[in-house]
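In: fold the following and give me the result.
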Amino acid sequence: MRLLHLESGNLSLTEDCTENVPLYAILSHTWGKDTEEVTFDDFRAGTYTDKIGYRKIKFCGEQAARDGFQYFWIDTCCINKSNLLELSEAINSMFRWYRDAAKCYVYLSDVSKRSDADEPFSRSIWKSEFRHSRWFTRAWTLQELIAPKLVEFFSQESARLGDKGSLESSLHEITGISVEVLRGKPLIQLTVGERMLWAAKRTAKRKEDEAYSLLGIFGLHMPLIYGEGKENAFIRLKREIGERSSGANIHGNVHWMIPRAINTLFTGRSDLLYRIQRALQSEPMSAAQMQSRFVITGLGGQGKSEICLQIASLLKQKFWGIFWVDVDKPSTAARDFIAVAKLLGHSAETVHEALQALTTTRRSWLLILDNADDPGFDYQVYFPPGNHGAVLMTTRVAECRKYSPDAFEALEGLEEEDSKHLLLKAAEVPQESWPTYDNQAKEVVKLLGSHTLALIQAGAYVSQGHCQLHQYPNVYQRQRQRLLKYRPKQAHSRYFDVYATFEASADVLEQSQSKSASDALRLLEILSMLSSSVLPLQIFEEGWKGSKEISQASNEARAIDEFFRDHVSKLPSFMIPEEDEWDPFRLTEASSLLASLSLATRLDLDGGVVLSMHPLTHAWAKDRQDSKCQGVAWIATGCILGLSRSSTRLWQTQERLLLSHILSYLDIKFKKAFSLASTAVVTPLFLKCGWALLQMRQDSRLSQLLQDIFLELRQEVNEPSEEFLSLYDLQARSLMNLGKNEAARALLEQVIKIRETTLGKTHPATLTTMSNLARVLNRQGKYANAEAMNRQTLEIREEVLGKTHPDTLTTMTHLALVLNRQGKYADAEAMNRQTLEISNEVLGKTHPATLTTMTNLAIVLNRQGKYADAEAMNRQTLEIREEVLGKTHPATLTTISNLALVLNRQGKYADAEAMNRQTLEIREEVLGKTHPATLTTMSNLALVLNRQGKYADAEAMNRQTLEISNEVLGKTHPDTLTTMSNLALVLNSQGKYADAEAMNRQTLEIREEVLGKTHPDTLTTMSNLALMLSSQGKYADAEAMNRQTLEIKEKVLGKTHPSTLTTMSNLALVLSSQGKYADAEAMNRQTLEIREEVLGKTHPDTLMSVYCLAYLLQNKHEYEEASILYKRACSSFKSSLGSEHPTTRACVNHYSAILSSFKAAKLM
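Out: Residues are numbered from 1 along each chain as shown. Got it, this is the predicted structure:
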């Protein structure tokens, strides 16, 4: 039993307490998501304070300290659940641990004791929540209520609700447990039925736990077999109850012939241990059935014997006798078998006689046959005859699985921890030094894909002094082939080195004369040019479809990024478009053949069939090819990738899977690539990959790729030429993503001039460039110009392409975005609804473009304060995207992020925070911690934290985001500047006014330089700076800054733009703070009048003007009009934001106060 120790604010985990256990408190709670709870590994690694589950640990530690206890126990982190033996012992000891605790604290995360409510009202609420708490429905909490002497209940705010005594009548009513039992009546005095009834309606995440959680209730000890199912678990439980009741003792262990104790360092292999337990405990259903058996095969040193020791310990109470026989040699086998016979009270001189002694024993026994490693020996002679007993065998000989064809395990793949240990052993690193080498070992294990023989080779290479462990990865990258052909003395593989094992499989293919073998080798070469990770085989079909279109067109390339028939000729023979329909037969045969030889893994996933390779097999597949063969494979692979991009659906739905393949494919020296084929062939390969990188927001990698292309083609980056316009299109889009909008604008304007001259103003390519230019103008805040260009593009596209053409719909979408940015919300909503209606009809309800329009419409609805509609639209979009694209697709995550923003605006901060954290977790895992989308989520999360008053957390999140943004995006990128602006707001909220002002001035300086003095983002920074000056009481400076901002906004955005009106409202507040009530009132009334006209009377901004005016009038003691305005604001806030929104509650409080003041004034 481990305990948490809290002393002087420091939290630590004790070693296993077997004797002299100190007084401790214990926590009872319900688990959240597994990812939210603090595990044993999290605690050891020190990575737990940011997890939601840490709140419970903090609460328990602080409450224990208040009660005078330094030690406490929580199941989430005090049990190492990766150690099956420890988990089993813990679950079987759980009842006793709760019984022996000095106090048990029940933390009810779904019960709130609100401090802001009246006591009777608050009590009625938490009492109701208490009765319906999830805690009363969980299987494990039954014994946590009954076993401890003292049980205290606490709300989610850590407020004490009562104890088992004061709440006993409620507890009895809720659980059906009698008051006598709650007061400590011995459970042995109750019937089995009574105790079973308590648990009848309780559930557990793992169904077997519904039975295991009752072990303490019935005073039982039973091995755990997760995977056996609820029904089998209860059958075993009831059997144990019956045997205990009848006094039977057939399961007690009497004979324990085991050579050594279990290894305390044993970790992992949990699933395998479960399987072995189930196999060895199965009972013969007939006399013809064989005895229970399990065979473990694998390379020596993989822990086969250690697994047997674990099994022996886990099943000790289930077998009357457990016997270990070393069958490494006939002499040792005979010695151990004779010892078994003597232990059973039989005299035996031969193995046969000893086996008869076991066979005639009618008790339950387990026989472990260790080290059956002689491939020329028939080990059947060591299996006792008959169907009685259980046998577990370890062997290096794969053929030995024949002794148990239905229950065996080939220990090929090791878990990370096992892999690190194996590596360090082979490297002859002293065990006490392993922690020092942990990160180095982890890097090598990852590099070698946990391949057992490769790890042994690596360790031997280090132990022989060829290099140090931390140097091995660099040596491997330079000398991979030599290292993987290194033959250490301690390796006993029949192939001696790693590459030889793979080459033996390739020899089978090369010696075959079949077409499928030839296709398999060609496929292997193509796979070697990509990543070793999962590849959807659909890419070959889509590539074939693209090649079919090209083969029917002319053989002249029309643009630098377009494919032509030469590209089709580079495809492997199983993809040549000879038939009218795609025939997957040859690809299926080839991929299945690779899988059958273990050179690749072929799986059927929801999205179709995929192939993957072990990293070392992948490295070997590339290294075995000569330079010429690699060149042919690289060109063919690029053609497949490029031709498949005509299927936008594949690349949108499988974006995450395909990214690693694009990055691996581009891992080639440019000079070498252009030497493999003509420029007309090679350039499109790179550009197609470039467009894919653009879509995937791999901004830095795309920028580097474009640099290399310009250099190789000897083109000036800023001087587009007619021949390479497609290249400049991609460059402009790349600049936009990098936040270099002015450079993108200048480039696009040049491209438009060339295209208008050569192609004409109505050519699709010209219109596409115009559309991109309009997007840049929008980003620069030049809304009028952006709107004009979008309307011009729309007019031509409607005339040339038609009103329902996808390109026309794209322009409508872009126009709606510009209207939204200008505050023309009604027009933007109308445009989005029109686009959505056509998209639904023409493209379909699940088309990505349709979903994008739905997303944009939701944004406009949110801007208008139509929160319920915005939330509904976002949820509808989310449901479709999750179904079509999957839950981790970037577009799906964008929708989740947008939904969180709506929830935030509604004051549903907890939901918004949870949704942002969920999005952040997935984006970090799928896209990486430095991806722009990940950084956006971090910023959004920081905003929600700030809204909740979690200023320290918000500041930390903003600083982390800023640090990454500075490094990845650059210090002048718009997103970086937005983070700086947000950080300044958080600093201001904490009263760190000097730091906030300095941060704002720095942001303002950069924005003025990069974006210009009249850019909307620059003006936002000026407004924020005015706010911070006001917070410091620098009202004159704040007024001057607001007036300057207002002047520019009126000129640039217009007098009725929402942002202009916000500045007017801020100016009114500053005037009021200076006592200039008349000016403030005039400004407030003017703002209110315009907002009512432009935004509507129920828009949140309009209501805020009503609220501010009411507050001002209240300060002027004009109570009658103020009360009328407060009443209007409060009523509307309740309708749009809800009664619990902070703004609504503040408004209601002010309204109540003014009513009191109004009555007092009347009485006077």
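In: any stretches of the stretch 351-500 of the chain with poor pLDDT?
Out: Regions of the stretch 351-500 of the chain meeting the criterion pLDDT under 70 cover residues 375-376, 397-398, 412-414, 452-453, 481-500.
In: buried sites along the helix or strand hosting residue 811?
Out: Using DSSP states H and E, residue 811 maps to helix 806-821. Along helix 806-821, these residues count as buried under the neighbour rule (16 or more other Cβ atoms under 10 Å): 807-821. Where you see a C-beta, it was placed from the backbone N, CA and C, and this is true even at glycine.
In: cool, and stretch 751-764?
Out: For stretch 751-764, a neighbour-count test (16+ other Cβ under 10 Å) marks 751, 752, 754, 755, 759 as buried.
In: what about the longest helix in this protein?
Out: For the chain, the helix that runs over the most residues, judged by DSSP state H, is helix 1142-1163.
In: so what touches that helix?
Out: Counting by Cβ atoms under 8 Å, 6 or more residues apart in numbering, the neighbours of helix 1142-1163 from elsewhere in the structure are 907, 1104, 1107, 1110-1111, 1114, 1117, 1119-1120, 1122-1123, 1126-1127, 1129-1130, 1133-1134, 1137-1139.
In: likewise for stretch 840-860?
Out: In this structure, residues lying in contact with stretch 840-860 by Cβ under 8 Å, 6+ apart are 648-649, 652, 804, 806, 809-810, 813, 816-817, 820, 825, 828-829, 832-833, 835-836, 839, 870, 873-874, 876-877, 880-881, 883-884, 891, 894-895, 898, 902.
In: follow-up on the earlier one: extract the C-alpha trace of the longest helix of the chain and format it as CSV.
Out: Below are the C-alpha coordinates for helix 1142-1163, written out as CSV (Å, rounded to 0.1, in the frame of the first residue of the first chain):
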residue,chain,number,x,y,z
PRO,A,1142,-22.3,36.9,-14.8
THR,A,1143,-23.6,39.9,-16.8
THR,A,1144,-27.2,39.0,-16.1
ARG,A,1145,-26.5,38.6,-12.4
ALA,A,1146,-24.6,41.9,-12.2
CYS,A,1147,-27.5,43.7,-13.9
VAL,A,1148,-30.1,42.1,-11.6
ASN,A,1149,-28.0,43.2,-8.5
HIS,A,1150,-27.8,46.8,-9.8
TYR,A,1151,-31.5,46.8,-10.6
SER,A,1152,-32.3,45.6,-7.1
ALA,A,1153,-30.1,48.2,-5.6
ILE,A,1154,-31.6,51.1,-7.6
LEU,A,1155,-35.1,50.0,-6.7
SER,A,1156,-34.2,50.3,-3.1
SER,A,1157,-32.6,53.7,-3.7
PHE,A,1158,-35.7,54.8,-5.7
LYS,A,1159,-38.0,53.8,-2.9
ALA,A,1160,-35.7,55.6,-0.3
ALA,A,1161,-35.7,58.7,-2.5
LYS,A,1162,-39.5,58.8,-2.7
LEU,A,1163,-39.8,58.4,1.0
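In: let me see the mean pLDDT of that helix.
Out: pLDDT averaged over helix 1142-1163 equals 78, rounded to a whole number.
In: test for you: state the pLDDT assigned to residue 511.
Out: Value listed for residue 511 in the pLDDT field: 81.
In: for it, give its distance to residue 527.
Out: Distance of residue 511 to residue 527, computed by Cβ to Cβ, to the nearest Å: 21 Å.
In: looking at these two, which is more packed in?
Out: Each of residue 511 and residue 527 has its neighbours counted (other Cβ atoms under 10 Å); residue 527 has more, 25 against 8.
In: show residues contacting the helix or strand containing that one.
Out: Counting by DSSP H and E, the secondary-structure element that holds residue 527 is helix 515-529. Applying Cβ under 8 Å, 6+ apart, the external contacts of helix 515-529 come out as 506, 508-510, 535, 572-574, 586-587, 589-591, 593-594, 599-600, 611, 613, 618, 621-622, 625, 629-630, 632-634, 636-637, 640, 664-665.
In: tell me which strands the next helix or strand after it pairs with, and in which orientation.
Out: Note on helix 515-529: by DSSP H and E, the next helix or strand toward the C-terminus is strand 535-536. Sheet pairing of strand 535-536 (DSSP bridges) gives strand 608-612 (antiparallel).
In: hmm, back to that, among the contacts of stretch 840-860, which ones are in helices?
Out: Cross-referencing the contacts of stretch 840-860 with the helices (criterion: DSSP H) gives 648-649, 652, 806, 809-810, 813, 816-817, 820, 825, 828-829, 832-833, 835-836, 839, 870, 873-874, 876-877, 880-881, 883-884, 891, 894-895, 898, 902 as the overlap.
In: of the contacts of stretch 840-860, select the buried ones using a PyMOL command.
Out: Here is the PyMOL command that picks out the buried ones among those, judged by 16+ other Cβ under 10 Å:
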select buried, resi 809+810+813+816+817+820+825+828+829+832+835+836+839+870+873+874+877+880+881+884+891+894+895+898+902
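In: residue 1098: how many residues sit nearby?
Out: Other residues close to residue 1098 by other Cβ under 10 Å number 17.
In: secondary structure class for the closest residue to it other than its chain neighbours?
Out: Of all residues beyond its chain neighbours, the one nearest residue 1098 is residue 1132 (5.5 Å), with distances taken as Cβ to Cβ, 6 or more residues apart in numbering. For residue 1132, the assignment made with DSSP: H, G, I helix; E, B strand; the rest coil gives helix.
In: return the residues in contact with residue 1132.
Out: In this structure, residue 1132 makes contact with 1098, 1103, 1106, judged by Cβ under 8 Å, 6+ apart.
In: got the angle for whatever helix or strand the last one lives in vs helix 1142-1163?
Out: Assigned by DSSP H and E, residue 1106 belongs to helix 1100-1115. Inter-element angle recorded for helix 1100-1115 and helix 1142-1163: 30 degrees (by axes from the mean of the first three to the mean of the last three Cα atoms, to 10 degrees).
In: okay, buried residues for helix 1100-1115 please.
Out: Neighbour-count burial for helix 1100-1115, with 16+ other Cβ under 10 Å as criterion, is recorded at 1100-1114.
In: do the same with stretch 45-60
Out: For stretch 45-60, burial by neighbour count (16+ other Cβ under 10 Å) applies to 48, 51, 52, 53, 54, 56, 57, 59, 60.
In: following the helix or strand harbouring residue 128, which helix or strand comes up?
Out: For residue 128, the enclosing helix or strand under DSSP H and E is helix 119-131. The helix or strand immediately downstream of helix 119-131 is helix 141-146, counting by DSSP H and E.
In: what packs against that following helix?
Out: With contacts defined as 3 or more Cβ pairs under 8 Å, 6 or more residues apart in numbering; DSSP states H and E, the secondary structure elements packing on helix 141-146 are strand 24-28, helix 84-100, strand 103-107, helix 168-175, helix 179-182.
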